[in-house]
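Chemist: A predicted structure for the sequence below; I have some questions about it.
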Amino acid sequence: MAIGAAYAQSEKDGWEKIATKTVNFKSETDEVKPSKGEADVSKIKIKCVQGTVKIKEIKVEMDDGKKSEPAVIGVLTDGQSSRTIDLPGKDNKLKKVRFKYDTVGMIGVTKRAKVEIWGKKK
């Protein structure tokens, strides 16, 4: 299946891309907010679309202040997605996702990892 077809299939299944982040070549913590401000989704998953990244910790925060720290995801490489992560609450919206990671690779030799956050529409 072509990449474009994979995205179209995901959107048809109720999944939508809510944010994209290119990560640095070092251990770091990044915060990603949905591109439309807040996302009305019940689940998320992280997809690596370039390079390799080791997700060490993830925290989600909802618009009502509820927070969740799902179990560690591990290593994702180009084309791989994390497991589905359920979000807390029923009537709240995703405000931000914070994650700690290590990028695998070397400056000037490999491309920086790029991840996408996908949300399952309610």
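Modeler: In hand now; what should we look at?
Chemist: ok, for Val53, nearest residue in space, not its chain neighbours?
Modeler: Leaving aside its sequence neighbours, Val53 sits nearest to Ala113 (CB to CB, 6 or more residues apart in numbering; 3.9 Å). To be clear about C-beta, it is placed using only N, CA and C from the backbone, and glycine gets the same treatment.
Chemist: in its sheet, which strands sit next to the helix or strand hosting Lys54, and in what direction?
Modeler: Using DSSP states H and E, Lys54 maps to strand 52-62. The pairing partners recorded for strand 52-62 under DSSP bridges are strand 67-68 (antiparallel), strand 74-77 (antiparallel), strand 94-104 (antiparallel).
Chemist: so for Val23, which of those strands sits nearest?
Modeler: Set against Val23 and scored by CB to CB, the strands paired with strand 52-62 come closest in strand 94-104, at 5.3 Å.
Chemist: packing partners for the helix or strand following that closest one?
Modeler: Scanning forward in sequence from strand 94-104 by DSSP H and E, the next helix or strand is strand 114-121. Contacting strand 114-121 under the criterion 3 or more CB pairs under 8 Å, 6 or more residues apart in numbering; DSSP states H and E are the following elements: strand 15-22, strand 41-50.
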